[in-house]
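[1] Here's a sequence, model it:
(one chain, ligands or ions: 2)
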Amino acid sequence: MIKIWTDGAEAGFLERRREQLREHGTTFVYMPQAPPERAVSVTMPVRLQSWDAATGLAPIFEMNLPEGMLRERLRLAFAKATGNFGDYDLLTVVGRSQLGRLRYSGIEDSLDDGVPFQSVDEILAGRGGSDLFRYLIDRFAPVSGISGVQPKVLVRDETAFGETTPGAKPRLSQSYRGATHIAKLWEANEFPQLAANEYFCLRAAQRCGLDVPPFRLAEDGLALVIDRFDLRSDGSYRGFEDFCVLNARSTAEKYRGSYETAIMKRFQQFANSPYVFADMEKLFTLIALNCAIRNGDAHLKNFSILYDDVLGEARLAPVYDLVTTTAYLTQDRMALTMDGGTEWPAAKKLRAFGETRMTGSPARIRQILERISNALTETAVELDAYRRAKPEFAAIGARMIEAWETGRRDSLGSP
Ligand SMILES: Nc1ncnc2c1ncn2[C@@H]1O[C@H](COP(=O)(O)OP(=O)(O)OP(=O)(O)O)[C@@H](O)[C@H]1O
Ligand SMILES: [Mg+2]
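    Numbers count the residues shown, from 1 in each chain. Ligands and ions are numbered 1, 2, ... in the order given. Next up is the predicted model:
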């Protein structure tokens, strides 16, 4: 059995369900005295009756489980002891340190989400090369409750938190031990220069007026380090749920759904906030930007909500995981559907999507698309300078520029 904590307090218990020696999903029950604000998700209010998942884990518990290489590493390290190693087992390993406000422990254990210190400057200086990559994965994988296919770890460097926004640096509380940053790495033989690709896509997002957490590219281009946007200055964490959870889908279903319903409509349904219209504009901007930069990976887990109170208002989370995927997969298409299809939308379709789903005036929609177009033009200049300085980025950089030009012309309708 696993004990589940929300906001540092005990909320309930999770257990595997077995019938005739075969596993049949999991059962979660709240502690009888749990108050409503201790709910584990906006989709799972506190109640006496249990919350059962027919197979695997409920989406909120599955949300931060590592995928890809990190998952495989943990399986190899821990399966020996336990025989087989499924989602529930993975949760017992990475659940004590993960994104958002949920934590997991043994039923008798108290909370310990401490993460070893790792200098962010050392990662950014880029002197370790592939040795540093291996070291980070080996040391931090077991405390990295974070989803995604690309290799990445959660690290703690409270001295470097908020550094890129001068004057706004939050002072983290002294007692603070949890992770502050995400270090995203990449595998050279699969997606070369992925960190630099994402870096320039995030730069473009900033220029579109979207909220982007502080992010920095390592000198050698091997890592992208991003501040956690769910961390408060007192060292506690905000509530954070992705759109797999809001749509009651498992991680395996992250490419299922439409931008109309699974993203725009769903956000409206859960926002519960006076800022819903401003956030819908941002959401539309983000979806249009994804089309323009040819990001074919804008799936359900790459959009999230953020909140302080699970019963209160939820805001659109800052932007993350933007990549020009057609730089690697030339035939890549959208991750979710728009108007029934996954082909990149023409400007007319994107405008119609904005008018009906964001309920914006044609003039406002045009303004947003124009802003994205200008953001790409300006960022392309920066990207070009980096491409000249770093020959190893030249080929991917050229493909990115080409993709952005196609995106601007076809999806934004820019000359
Ligand atoms: N700055 C941040 N603060 C807090 N959580 C974040 C931040 N950036 C990303 N996340 C969370 O971490 C998860 C993994 O990050 P990200 O999507 O960047 O990884 P990825 O491996 O590129 O994902 P994918 O499998 O979609 O390619 C996200 O789904 C989101 O839940
Ligand atoms: Mg992602």
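[2] Leu57 is in contact with Leu91, isn't it?
    Yes: using C-beta atoms under 8 Å, Leu57 is in contact with Leu91, at 6.9 Å. (Each C-beta comes from the backbone N, C-alpha and C, glycine too.)
[3] what touches both of those two?
    With contacts taken as C-beta atoms under 8 Å, 6 or more residues apart in numbering, Leu57 and Leu91 have 14, 65 as neighbours in common.
[4] tell me the SS of the residue lying closest to Arg96 once chain neighbours are set aside?
    Once flanking residues are discounted, Arg96 sits nearest to Asp113: 5.5 Å by C-beta to C-beta, 6 or more residues apart in numbering. Here Asp113 is recorded as coil under DSSP: H, G, I helix; E, B strand; the rest coil.
[5] Show the pLDDT at Asp113.
    What the model reports for Asp113 is a pLDDT of 82.
[6] Kindly report the same for Ser110.
    In this model, Ser110 carries a pLDDT of 89.
[7] Can you tell me the closest non-neighbouring residue to Arg207?
    Nearest to Arg207 is Ala375, by C-beta to C-beta, 6+ apart, at 3.5 Å.
[8] can you tell me how far the one you found sits from Cys208?
    5 Å (C-beta to C-beta, to the nearest Å).
[9] Now do the shared contacts for these two.
    Leu289.
[10] Next, give phi and psi for the residue in the stretch 51-200 of the chain that ligand 2 sits nearest to.
    Residue nearest to ligand 2 within the stretch 51-200 of the chain: Gly148 (4.5 Å; C-beta to the ion). Recorded main-chain torsions at Gly148 are phi 110, psi 150, according to degrees, to the nearest 10.
[11] my read: it touches Val323, true?
    No: contact criterion C-beta under 8 Å: Gly148 and Val323 do not qualify, at 11.4 Å.
[12] Which residue of these two possesses the greater neighbour count?
    Legend: neighbour count by other C-beta atoms under 10 Å for Gly148 and Val323, higher for Val323 (26 against 18).
[13] For that one, which residues are in contact?
    Neighbours of Val323 in contact, by C-beta under 8 Å, 6+ apart: 194, 197-198, 201, 295, 297.
[14] Flag the shaky bits of the protein, pLDDT-wise.
    20-23, 82, 163-175 (pLDDT under 70).
[15] Which residues of it lie near ligand 2?
    Contacts of the chain with ligand 2, taken as C-beta under 5 Å from the ion, map to 148, 302, 321.
[16] just these that are near ligand 1?
    Under the cut-off given by C-beta under 6 Å from any ligand atom, ligand 1 has 148, 302, 321 from those close to it.
[17] ok, the first one - contacts?
    So the one you mean is Gly148. By C-beta under 8 Å, 6+ apart, the neighbours of Gly148 are 66-68, 301, 321.
[18] cool, and the last one?
    Taking C-beta under 8 Å, 6+ apart, we find Asp321 in contact with 148, 198, 297, 302.
[19] Also the second one?
    For Asn302, the contacting residues are 242, 320-321, 335, taking C-beta under 8 Å, 6+ apart as the criterion.
[20] distance of it from Ala218?
    In terms of C-beta to C-beta, Asn302 sits 22 Å off from Ala218.
[21] Same check on the first one?
    Gly148 sits 18 Å away from Ala218, taking C-beta to C-beta as the criterion.
[22] Just want the residue of the stretch 251-400 of the chain that's nearest ligand 2.
    Closest point on the stretch 251-400 of the chain to ligand 2, by C-beta to the ion, is Asp321, at 3.8 Å.
[23] That residue in helix, strand or coil?
    Applying three-state DSSP: Asp321 is coil.
[24] What does the residue nearest to the spatial centre of the chain show for phi and psi?
    For the chain, Asn302 is the residue whose C-alpha lies nearest the centre (C-alpha atoms, centre = their mean; 5.1 Å). Per-residue torsions, Asn302: phi -100, psi 20 (degrees, to the nearest 10).
[25] May I have stretch 277-285 as CSV, with CA atoms only?
    These are the backbone C-alpha positions of stretch 277-285, laid out as CSV (Å, rounded to 0.1, in the frame of the first residue of the first chain):
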residue,chain,number,x,y,z
PHE,A,277,-10.9,34.6,-21.3
ALA,A,278,-7.4,36.0,-21.1
ASP,A,279,-6.1,32.4,-20.6
MET,A,280,-8.2,31.2,-23.6
GLU,A,281,-6.4,33.8,-25.7
LYS,A,282,-3.1,32.5,-24.5
LEU,A,283,-4.2,28.9,-25.2
PHE,A,284,-5.1,29.9,-28.7
THR,A,285,-1.8,31.7,-29.2
